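Colleague: got a sequence here, can you build the structure:
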Amino acid sequence: MTEPAVLRHSPHEGGARRRRRSGTGLSRSEWIVTVLMGLTWISLLPLHGLEPETAYVLASGLFGLLLIGLWLGLEWVRRALSGARGLGGPALCLLVLLLAALLNLTAMVPAGPHPIWSIVGEKGAGAINRTQTWLSLVLLGGVICSFLIGVALGDGRRRGALCLSAIVCGGMIYGCWAFIDNVVAPDLHAFGRMSAGLLSPNVAGSVFGMLTILAMAMMFVRLDLLGADRRFDKMMKALALPLAAAMIAGTNVLLTQSRGALAVTGLCLCLLLIWEGVLRRSRSGVGAGAVAVILLLALAIPVLRSGIDVAERSTDLSAGSLSRMEIWEAHWQMVRAAPWMGYGLGSFDDVNQMVLTSANYASLWNVHSMHNFYLQWIEEAGIIGAGALFLAIALVLKAILAGAAYRGEGVWLRGVFVAGLAVLLHGVSDFALSVPAVEMLWAGVLGVGFALSQAIRQTGARKA
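Modeller: Numbering: from 1, shown residues only. Got it, this is the predicted structure:
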């Protein structure tokens, strides 16, 4: 009997079939490595509690060593990475970013070296803090390694789905720990809002929002596996895990009391439900998703220690908005002064000290991020470097979108794409993508989605 298209392996998976396989149809090494890597991305999230320099080196060093070890030790990883398609565009963009950042470490920049170097009597450069720029380049290398590991794990429909499932399950465990930790030892610096070891409730909200969306995608995957047999007992058995993961992650989004994360997560969940409803052309799938969202909210709200705080914060937008506007206004003047090359990667703290005045001191004295992913990158890397990074992200998301219209694992790609949109939208008003562990997780998820999209299209799957 011919194997259905939805279960076929990617052409890159064929070499390991003679080895002993687990119940998923993957070799034992594939199953173990894929699950452990999915859990590793999640387990590093509390790494933000370390000093930034330590976090940069540890995260980047870990993923660099993991990539080297996987490449040297596993033949299927070498085959997956050497056969990966579509990486040329993102790689070229990142090369432009790298060259721009390195050029900024010299005096050969269009506007010349920054005047600060003449004051301290050292050799000039466009970047105002060479050490932070080098550390940021190390971090960028780690993010690229994380993405490539995701590509290796996603090169195969079963392997990619297993990796994303492991991330959802790991996120559920992480969410349980964060919930218990918030109840037993609330973060006093966050005024009782959940920070989940990330030191910022808003960053935690962005992470749990992404995990909520991926858990919802997993629910639709489980629905598809049921086929036409939609009896209640079978549905509950199949949906128990993704529903639990979605409820835990969604509850934690509420506990962070992050207005941006709540709004973006809700908007993107609606987008995913509408997308599924349009592709399925039936009420059953989107109906089940709507019931899941209602159940999620119904069970989440009562467990809030002070649910009224969420509503109060949502109606009082003035304080946070004014503070962010002051930050953006002050730093926009610096962007205009060095638009093309910026002030060097990792230079935000140094630039922030330069723009401090008596008028904006209350808003800027203790911030270490722009609260705007895009504006901060333009300030640090300039239009050239930041534009190259944004284009690389767009090319990856475009590749993921190309496979999102297919059946089977295409549901996972829809979840990855929508989760990516949620992270990017929240980046307009917050700094989750300036946190090393979050950057590594998101890069890994994008890498899995990128390769899974290629695998789906190569195996001749039917469109939904």
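Colleague: what ranges do the strands span in the stretch 301-450 of the chain?
Modeller: Assigned strands in the stretch 301-450 of the chain: none (criterion: DSSP state E, counting those that start in this stretch).
Colleague: give me the low-pLDDT residue ranges for it?
Modeller: Along the stretch 301-450 of the chain, the model assigns pLDDT under 70 to residues 301-322.
Colleague: again, only this time at 50
Modeller: Counting by pLDDT under 50, the stretch 301-450 of the chain has low-confidence residues at 302, 304-306, 308.
Colleague: distance between stretch 378-385 and the chain's centre?
Modeller: 21 Å (CA atoms, centre = their mean, to the nearest Å).
Colleague: what lies in contact with it?
Modeller: For stretch 378-385, contacts defined as CB atoms under 8 Å, 6 or more residues apart in numbering pick out 96-97, 100-101, 104, 136, 331, 334-335, 338-348, 351, 370, 377, 386, 389. Placement of C-beta: from N, CA and C, glycine included.
Colleague: same thing but at 6 Å, please
Modeller: L97, A100, H331, V335, P339, W340, M341, G342, L345, S347, A386 (CB atoms under 6 Å, 6 or more residues apart in numbering).
Colleague: mind listing what the second one touches?
Modeller: Contacts of A100 were listed using CB under 6 Å, 6+ apart, and they are I384, G385.
Colleague: element containing it, please.
Modeller: According to DSSP states H and E, A100 maps onto helix 88-103.
Colleague: how about that helix: buried residues?
Modeller: Buried residues in helix 88-103, counted by 16 or more other CB atoms under 10 Å: P90, C93, L94, V96, L97, L98, A100, A101, L103.
Colleague: find the nearest non-adjacent residue to the first one, please.
Modeller: To tie it back to what came earlier, the one meant is P90. A392 (4.3 Å; CB to CB, 6 or more residues apart in numbering).
Colleague: quick check: that neighbour touching A91?
Modeller: No. A392 lies out of contact with A91 (CB atoms under 6 Å); the separation is 8.2 Å.
Colleague: okay, and the common contacts of these two?
Modeller: Joint contacts of A392 and A91 (CB under 6 Å, 6+ apart) do not exist.
Colleague: flag every buried residue along the top helix by length along the chain.
Modeller: The longest helix of the chain (DSSP state H) is helix 373-403. Residues 373, 375-393, 395-397, 399-401, 403 are the ones in helix 373-403 that count as buried (16+ other CB under 10 Å).
Colleague: circling back: among the contacts of stretch 378-385, which lie within helices?
Modeller: L97, A100, H331, V335, A386.
Colleague: may I see those arranged in TSV, with distance to V411 as well?
Modeller: Shown next, in TSV, are the ones in helices among the contacts of stretch 378-385 (distance: CB to CB, whole Å):
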residue	distance to V411
L97	32
A100	38
H331	40
V335	40
A386	33
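Colleague: select from the contacts of stretch 378-385 the one having the most neighbours.
Modeller: Counting neighbours by other CB atoms under 10 Å, G342 leads the contacts of stretch 378-385 with 29 neighbours.
Colleague: look up how far V109 lies from that residue.
Modeller: Distance, G342 to V109, by CB to CB, to the nearest Å: 10 Å.
Colleague: what of A261?
Modeller: According to CB to CB, A261 and V109 sit 37 Å apart.
Colleague: and what of M341?
Modeller: From M341 over to V109 (counting by CB to CB), the distance is 5 Å.
Colleague: show residues contacting stretch 239-246.
Modeller: V168, M172, T212, A215, M216, M218, M219, R222, A292, L296.
Colleague: so which helix or strand takes in the nearest residue to V57 once chain neighbours are set aside?
Modeller: Among residues not flanking V57 along the chain, V138 sits closest, at 6.5 Å (CB to CB, 6+ apart). Using DSSP H and E, V138 maps to helix 130-154.
Colleague: chain center to that helix: distance?
Modeller: Using CA atoms, centre = their mean, the offset of helix 130-154 from its chain centre is 13 Å.
Colleague: report all helices and strands that that helix contacts.
Modeller: For helix 130-154, the packing partners by 3 or more CB pairs under 6 Å, 6 or more residues apart in numbering; DSSP states H and E come out as helix 52-73, helix 75-82, helix 157-184, helix 436-458.
Colleague: the residue nearest to P90: what's it in contact with?
Modeller: Counting by CB under 6 Å, 6+ apart, A392 touches P90, C93, L94.
Colleague: out of the residues you listed, the closest to A451 would be?
Modeller: Nearest to A451 out of the contacts of A392 is P90 (CB to CB; 12.4 Å).
Colleague: so that closest one touches L395, yeah?
Modeller: Yes. The pair P90 and L395 qualifies as a contact (CB under 6 Å) at a distance of 5.1 Å.
Colleague: measure the closest residue in space to F179 that isn't next to it in sequence to L214 for me?
Modeller: Leaving aside its chain neighbours, F179 sits nearest to N252 (6.2 Å; criterion: CB to CB, 6+ apart). According to CB to CB, N252 and L214 sit 14 Å apart.
Colleague: still on that earlier bit, need the residues touching each of M341 and V109.
Modeller: With contacts defined as CB under 6 Å, 6+ apart, the residues shared by M341 and V109 are G126.
Colleague: which residues touch the closest residue to P110 other than its chain neighbours?
Modeller: Using CB to CB, 6+ apart and skipping residues adjacent in sequence, the residue nearest P110 is W340, 5.7 Å away. By CB under 6 Å, 6+ apart, the contact set of W340 is P110, G382, I383, I384.
Colleague: what about W340, distance to M354?
Modeller: W340 is 19 Å from M354, by CB to CB.
Colleague: equivalent analysis for S369, please.
Modeller: S369 is 16 Å from M354, by CB to CB.
Colleague: which of those two has more neighbours?
Modeller: Higher neighbour count among S369 and M354: S369, with 19 against 13, using other CB under 10 Å.
Colleague: that one against L433, yeah?
Modeller: No. S369 is beyond contact range of L433, at 9.7 Å (criterion: CB under 6 Å).
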